[in-house]
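**Student:** would you be able to build a 3D model of this:
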Amino acid sequence: MATRHLSALKRARQNKKRRLRNMSRKTRVKGMVREVRAALTRKNLEEATAALEKATPVIARVAGKGALHWRTAARKISRLTKQVNALKNA
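**Tutor:** Okay, here's the model as predicted:
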């Protein structure tokens, strides 16, 4: 049985907490993106715009916390905005 230093045990506990927190944040982002895409498939402009306005700050906040890379967040926001704008112009 390998003994570990107290600092290594603490680091393992911290990593577990952070992992769970990040998973929760990423799941929330996925849900918000899913709502926007669902409104887009229904071609409901008002609902898609409202969902995008709710999703954008959440995605940006999660990137700010480090759970998502900032470029990944920017790409998600950009692509969703582009799709909503295409629906507006259609």
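
**Student:** any buried residues in the longest helix seen in the chain, and which?
**Tutor:** Scanning the chain for the helix with the most residues, using DSSP state H, yields helix 6-41. Neighbour-count burial for helix 6-41, counted by 16 or more other C-beta atoms under 10 Å, picks out Arg25, Arg28, Val29, Met32, Val33, Glu35, Val36, Ala39, Leu40. All C-beta spots, glycine's among them, are computed from the backbone N, C-alpha and C.

**Student:** mind checking how far the fourth one is from Ala63?
**Tutor:** Read that as Met32. For Met32, the distance to Ala63 equals 13 Å [C-beta to C-beta, to the nearest Å].

**Student:** cool, the first one as well?
**Tutor:** Arg25 sits 10 Å away from Ala63, taking C-beta to C-beta as the criterion.

**Student:** do you know how far Leu45 is from Ala55?
**Tutor:** Per C-beta to C-beta, Leu45 is found 15 Å from Ala55.
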